[in-house]
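Student: Any chance you could fold what I've pasted below:
(4 chains)
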Amino acid sequence: MTQFAAYTTSTGEAFQFWVLGTIAVIGALCTVFMKKAVHSALCLAGTMIVLAVFYLANGAYFLGIVQIVVYTGAIMMLFLFVVMLVGVTAADSLKETIKGQRWLALLCGLGFGILLIAGIGNASLKEFDGLGQANANGNVEGLAALIFTKYVFAFELTGALLITAAVGAMVLTHRERTERAKTQRELAEQRVREGKHLPPLPAPGVYARHNAVDIAGLLPDGTASDLTVSKTLRDRGQIRDVSAQALSDLKALEQRAEDRLERTNSGEGSK
Amino acid sequence: MENLIALLVAAPLLGAAVLLCGGRRLDAVGHWIGTVLAALSFVFGAVLFADMLGKDPEHREMSQHLFSWIPVEGFQADVAFQLDQLSMTFVLLISGVGSLIHVYSIGYMEHDERRRRFFGYLNLFLAAMLLLVLADNYLLLYVGWEGVGLASYLLIGFWQHKPSAATAAKKAFLVNRVGDVGLSIAIMLMFTTFGTFAFGPVLASAGDSGEGTLTAIGLMLLLAACGKSAQVPLQSWLGDAMEGPTPVSALIHAATMVTAGVYLIVRSAAIFNGAPDAQLVTTVVGAVTLLFGAIVGCAKDDIKKALAGSTMSQIGYMVLAAGLGPIGYVFAIMHLVTHGFFKAGLFLGAGSVMHGMNDEVDMRKYGGLRKYMPVTFVTFGLGYLAIIGFPGLSGFFSKDMIIEAAFAKGGTEGWILGGVALLGAAITAFYMTRVMLMTFFGEERWKSRPTASPEEPSAEPAAEHHGAHAEPHPHESPKVMTIPMIVLAVGSVFGGAFFSIGDRFVHWLEPVTGHTHGHPPVSALTVTVATVTVMVLGVGLAYLQYGRRPVPVVAPRGSLLTRAARRDLLQDDFNHVVLVRGGEHLTRSLVYVDHTLVDGVVNGTAASMGGLSGRLRRLQNGFARSYAVSMFGGAAVLIAATLLMRAV
Amino acid sequence: MNPVNYLYLAALLFTIGATGVLIRRNAIVVFMCVELMLNACNLALVAFSRMHGNLDGQIIAFFTMVVAAAEVVVGLAIIVSVFRARHSASVDDASLMKL
Amino acid sequence: MSFPLLTATAALPALGAIATAAVPAAKRTAAKWLALIVSLATLALAVTVLVRFDPGGDRYQLTESHSWIADFGVRYELGVDGIAVALIALTALLIPFIILAGWHDADPLETGNKRWRPTQGFFALILAVEAMVIISFEATDVFLFYIFFEAMLIPMYFLIGGFGDRAHEHGEETAATQRSYAAVKFLLYNLVGGLIMLAAVIGLYVVAGNFSLTEIAEARANGSLDMATSTERWLFLGFFFAFAVKAPLWPLHTWLPNAMGEATAPVAVLITAVVDKVGTFAMLRFCLQLFPEASTWATPVVLVLALVSIIYGALLAVGQRDIKRLVAYASISHFGFIIMGIFAMTSQGQSGATLYMVNHGISTAALMLVAGFLISRRGSRLIADYGGVQKVAPVLAGTFLIGGLATLSLPGLAPFVSEFLVLVGTFARYPVIGIIATVGIVLAALYVLVLYQRTMTGPVKAEVAKMPDLRVRELVVVAPLIVLLVFLGVYPKPLTDIVNPAVEQTMSDVQKKDPQPEVEAAK
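Tutor: Sure thing, here's the model as predicted:
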């Protein structure tokens, strides 16, 4: 097996490579070209899982597992979490704003890729030792032996790095309150002073067909009032503009109700 | 006794320093301080002269070493004086005539509020001029040389508020500077040739050097002499220099400073003796100037400018004589001395006339003044007779000797030079008679002057005191002015005879300059007769033109030559067109070049860098993605480079 | 099949990821693309490890993962705080650095 | 260890600068007096250096040497030869006059702002420049020299850009624009020169292994340090370029007229009489000593450039309409003479060049400071705005004339001695160049006399009719300078005695002998 691995692999692995490799590439492309961040994240997760399989196939059992647990499990979930925070439904426009950026990017990518592949092709990588010997005592044990001897210093450093990163993330996202919080009374006074909307904000979905948070309530004249939607959604531009639809829905509802009433009436009448 | 030499220079220098730094509180006595110190210098000179006469003629040279001036490796310049017979002659002439003119100026400048300063400048001039003739090396001579130039500049431009005076002063200095360049190059040549520029060693070893070097030095010295002595082609400043007060014209631009060129040539006799080509050029310059000055003198109506032309012409004689070599040196100096007497006298006389005539300088507005100014008339007349070479008077002896020596040069040159000198004598007689007749004889044209007298641009400022518009009342000048004139007249009458009888002057100077007796192709008597004949011819011609006929108040148009001569034979026009205009264009275009080209290259570089970075700045659009593209592209290029390196 | 193909795949994924970084404006997606690039590298490292028959490549890949994790944590924190301040996750909006 | 006299001479004005800058805003006059006293004390120290210096002694005297950046062989090494002593004395001499002449140049226009202290800044900057210039003259370590050579740009930049003439013929706004243009131009030119020099300094270190002038020069002389010909030439060019910008040599000169035109007269004097001298001094000290072969190699080109500077500067001076720019172009012409004298490679030329540096400093100071007094009275730098000043202010006109006459090197005044030595020295080796250079003499007379004629003579213009004559303070500034001009013109021996041995050593560095006269004159 070891000898064999020196220049080729089993047919099974080849089959697996071609199938999963294609999936990985497709996943990667989808990551790049999907409009919604959440789709991108899911595609990326797919690619990562494929890669985990490849790790396993390459004898890196520990990494394969870690890839799934840490990457796909933790990091990608973190991504998804942030995506949710930022707005899951917001779709990016893929229209380019910087002049020439896309073409330059594609050109560079193409050139880079070709050069990279040419470089690999150029390199004399005929030797293929295989990991049989290295993994003889088990992959994890082998890694551990290396990590805690040869790479112990780097390992310690990564530990420090992780802690620092954790602290950093906390510092970055944590907002220190610099002034005393305003009391209810002060807020009320401020509202009076500014002459703005004095009563409490209306609840969303008032007079609407449903009371979803992202749907503006309707004023008595039938127009939507943005005030009814929470500020975060407003800022994100995620207000679902329902006034027209709601009205038509309302009309349809009335129509239906009338129809039924008529039917009932006629029914009654026919009866 | 040697220690007195420095005092010769020191006395007037002290006067200059005291008068110029002393300020207003010396105004009342300034002129006396100046005069006394000038006279003191003359007294020192006289004492030294008496001492010198008492010595053996071969050992009369005295020297005084003051201090080492510029000691640099291989280059020693000392402040040291040398007083020999040649210097002595000059010392007496300068301090003597200088003192007389100081006295005269007391009267002449009486009404000028800046009289103290005037005397300070005069003293400065005396100091510089004495330094010039007493220096024992060329570099110190150069100091005196430029010093007199400065004094001349200050005095010509004394009435600075007149733009014409300021311009004339500047012109004089500049033209002199051109000559000075010649002197400095000559000194440099001496330094590289002989390793020194002290008179003694240079002149003693002049013979050891090649003729080419000597010719070069000689020509450069001649250039210097041309500048200082107003010889063609650097003569243009002298006429304008008449803007200065008349005593200045008498002292500096007639008697002393302008003859410094002759001194230089005679002093450098050893060099010229070894350079026949330079001598030839010198004689040609002298001859040309002689005629040039004479012709200009005939056409000028301004009495001072006419006399200036005459000065130029007479110095031409001297330069001609100096160029003749050992046969002429002594006569050059002799004519220089006699010329110093009679020309100074003539100028002082002219000043006296102007003093009595509300500073009018146009001879056409004079006439018949002999009745009003008898003393001036007589002294001026004696000077006149001396300059035209009336037999027995000083000019007769000295000029005759020069003409003789010119003939004695031999060959065709001798004939040409002698002929030119003779012709010059005739013209001299003509223009001087013209001056004489127009000024002192004939009808009194100043009376017929229209009341609204044209304000001459060159009218001297003392006119303000007299009232320029009033009809002049000619009157004799005060004693303080006439006495110097009388003294000078005596000198111009008897000087020549005193020097010539028994060849006194020749014997006096011979140890310094050397002397060879020339043998003219015709007898000396023939030359003398010829000289007197042409003189009489000139006088007669002038009498016919100006004595017999009334002189028009407004100058007639005149012939082409007259008109050209009025404009200094168009030399100024040439200068103006070629040098002044050309220079203006050159400097203006250079200013443009400096601004646009030299500066432009730099500014252009800066601007293109600015433009380039302005364009590059657009790459810095602030979009991280753009930067990322360039990073990525850079990475691609790096890979490409690595691959290429591997491939190669 | 020659295992070098893994390297080609890694190169391809890396290039795709890099292009994505350049093209996408949404910071989160850009970040994902960076992750993709890192993963491509890891794949290459693992393949190298196999080629050379030692585990050093895997160690490096492991460290890469750690660093990637730290980076994601900090990066996402930055994105969140930028989003809070500017109400946008577009990298183009943070172009204040230009003159 | 003896008292570090050289360090003290440089440190005193530096400390004075700090102290002056720290004077409170309200005590403006105290700052002026402080600066003046410090500069006078520095002068006293400089005179001590002059006295302690023994012309017949070692080449470098009063030396101090301390390790500074040991890793790179940079040492704090000071030492003076005759040339440096003369220039230190010149610097220390001129600064009190500059301070006194600029007494009111930096008075604030309105005194409302309590923290506004331009006066303190002005005088502190002048003292700072003095300190840096003095230490540049003293440094015998190339790196040390380089640092101060460059650092003096900073105070100069502020002096040029920050303080202009109070009145300006084009109004305050234009003046400010032109001033900052001039300051930036000054800075950029000199920085470019300095950067190129920095490369050469590093190159020298790479070749020689240390920065010590004495060590390198010695090693060069006894052959233990061998430089490839091309290396030496490149290094020479690097050094020379910086010095030629500073000097300034045509065609690198255009910053000077701007800087001198826009700065106040005392600062202009500081530029041309003091700071620029570092350039010519450094040519003599560094270029010739460190790179003798390359200096000989470059001589023809340098001489031609110097010649062009002489003629070109003089011609442009003739064409100027602005008094200060005229003086600036005249200075360019004079710097041409200095550089010509240095590269003529004769004793006379180099002695003359050194004397020229001193004399030019004094004569330009005299002319420029009087010009500054004149300008401050009328509020215009244009020649055409003046006329007939002589009648109104005779003392001013007289001193102006003497300054001008010194500029045209009239015999009897100091510059003549040096100019003639330079000409003779050049002529001895390069007759044609020497002869062409004499044209510069005529042109000098032209620009000086034209300037004098247009400003001082002629009818009195209405604007100058009320012009006061020189005040006592101004007279105190000008009179000593004039006395010095006359004294050094008549008796330059004290100066030549100091300078000559140093010049002889430089001559032996470049292994040149004076040309011998054709004929051994009979003594």
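
Student: so residue D:433 is in which element?
Tutor: Of the helices and strands defined by DSSP states H and E, residue D:433 is found in helix D:431-456.

Student: List the buried residues in that helix.
Tutor: Buried residues in helix D:431-456, counted by 16 or more other Cβ atoms under 10 Å in any protein chain shown: D:433-456. (C-beta placed from N, C-alpha, C; glycine too.)

Student: What mean pLDDT does it get?
Tutor: For helix D:431-456, the per-residue pLDDT values average out at 90.

Student: tell me the secondary structure for residue D:306?
Tutor: On the three-state scheme (DSSP: H, G, I helix; E, B strand; the rest coil), residue D:306 is labelled helix.

Student: contacting residues around the residue lying closest to residue D:296 once chain neighbours are set aside?
Tutor: Excluding the flanking residues, the one nearest residue D:296 by Cβ to Cβ, 6 or more residues apart in numbering or on different chains is residue D:510, at 6.4 Å. When contacts are counted by Cβ atoms under 8 Å, 6 or more residues apart in numbering or on different chains, residue D:510 touches D:288, D:292, D:295, D:296, D:345.

Student: Could you count how many residues lie near the residue in chain C that chain A sits nearest to?
Tutor: Nearest to chain A, among the residues of chain C, is residue C:53, at 3.0 Å (Cβ to the nearest Cβ). Residue C:53 has 20 neighbouring residues, counting by other Cβ atoms under 10 Å in any protein chain shown.

Student: Could I get the phi/psi values of it?
Tutor: Phi and psi for residue C:53, reported as degrees, to the nearest 10, are phi 70, psi 20.

Student: if we can go back for a sec, now, which of the contacts of residue D:510 sits nearest chain A?
Tutor: When the contacts of residue D:510 are compared for distance to chain A, the smallest value, 51.9 Å, is given by residue D:295; criterion: Cβ to the nearest Cβ.

Student: picking up where we left off before, how near is the residue nearest to residue D:296 to residue D:228?
Tutor: Taking Cβ to Cβ, to the nearest Å as the measure, residue D:510 and residue D:228 are separated by 19 Å.

Student: Is there proximity between the lengthiest helix in chain C and chain B?
Tutor: Within chain C, and with DSSP state H defining each element, the longest helix by residue count is helix C:56-86. No: applying Cβ under 8 Å from any Cβ of the partner chain, one finds that helix C:56-86 is not in contact with chain B, the shortest distance being 11.8 Å.

Student: How far off centre is that helix?
Tutor: Mean C-alpha position of helix C:56-86 versus that of the full chain (Cα atoms, centre = their mean, to the nearest Å) differs by 9 Å.

Student: And stretch B:95-106, by the same measure?
Tutor: How far stretch B:95-106 lies from its chain's middle: 19 Å, per Cα atoms, centre = their mean.

Student: what does it rub up against?
Tutor: By Cβ under 8 Å, 6+ apart, the list of residues contacting stretch B:95-106 from outside reads B:8, B:31-32, B:34-35, B:38-39, B:41-42, B:44-45, B:115, B:118-119, B:122, B:125-126, B:129-130, B:245, B:247, B:250-251, B:255-256, B:340-341, B:344, B:348, B:351, B:480-481, B:483-485, B:487-488.

Student: how about a cut-off of 6 Å?
Tutor: Stretch B:95-106 is contacted by residues B:31, B:34-35, B:38-39, B:41-42, B:45, B:126, B:247, B:250-251, B:255, B:340, B:344, B:348, B:480-481, B:484, B:487 when judged by Cβ atoms under 6 Å, 6 or more residues apart in numbering or on different chains.

Student: out of those residues, which are buried?
Tutor: When neighbours are counted using 16+ other Cβ under 10 Å, the contacts of stretch B:95-106 contain these buried positions: B:31, B:34-35, B:38-39, B:41-42, B:45, B:126, B:247, B:250-251, B:255, B:340, B:344, B:348, B:481, B:484, B:487.

Student: what ranges of the stretch 501-648 of chain B fall below the confidence cut-off?
Tutor: Applying pLDDT under 70 to the stretch 501-648 of chain B flags residues B:569-570.

Student: which parts of it sit against chain D?
Tutor: By the rule Cβ under 6 Å from any Cβ of the partner chain, the part of the stretch 501-648 of chain B lying against chain D is B:587, B:588, B:590, B:591, B:594, B:598, B:599.

Student: Now list the buried members of those residues.
Tutor: So, by 16+ other Cβ under 10 Å, the buried ones in these are B:587, B:590, B:591, B:594, B:598, B:599.

Student: and which of those is nearest to residue A:74?
Tutor: For residue A:74, the nearest member of these is residue B:599. The distance, counting by Cβ to Cβ, is 66.9 Å.

Student: For the closest one, which non-adjacent residue is closest in space?
Tutor: Nearest to residue B:599 is residue D:254, by Cβ to Cβ, 6+ apart, at 4.3 Å.

Student: likewise residue D:229?
Tutor: Sequence neighbours aside, residue D:293 is the residue nearest to residue D:229 in space, at 6.9 Å (criterion: Cβ to Cβ, 6+ apart).

Student: Show me what the strand ranked longest in chain D is packed up against.
Tutor: With DSSP state E setting the assignment, residue counts place strand D:61-69 as the longest strand in chain D. Counting contacts by 3 or more Cβ pairs under 6 Å, 6 or more residues apart in numbering or on different chains; DSSP states H and E, the secondary-structure elements packed against strand D:61-69 are helix D:5-22, strand D:74-80.

Student: Let me see the domain layout of chain B.
Tutor: Structural domains of chain B, as assigned by the TED database, span the residue ranges B:1-176+B:238-268, B:275-447+B:476-556, B:557-605.

Student: burial measure for residue 26, as a count.
Tutor: Using chain A. Residues contacting residue A:26 under the criterion other Cβ under 10 Å number 14.

Student: switch to chain D, that's the one I care about
Tutor: Taking other Cβ under 10 Å as the neighbour definition, residue D:26 ends up with a count of 10.

Student: Would you mind measuring from it to chain B?
Tutor: For residue D:26, the distance to chain B under the criterion Cβ to the nearest Cβ, to the nearest Å works out to 39 Å.

Student: can you check residue D:148 too?
Tutor: As judged by Cβ to the nearest Cβ, residue D:148 and chain B stand 26 Å apart.

Student: Could you list which of the buried ones among the residues of the stretch 501-648 of chain B next to chain D belong to helices?
Tutor: When those are checked against helices using DSSP H, the ones located there are B:587, B:590, B:591, B:599.

Student: next SSE after the host helix or strand of residue B:281?
Tutor: Under DSSP H and E, the secondary-structure element containing residue B:281 is helix B:276-299. On the C-terminal side of helix B:276-299, the nearest following helix or strand under DSSP H and E is helix B:303-323.
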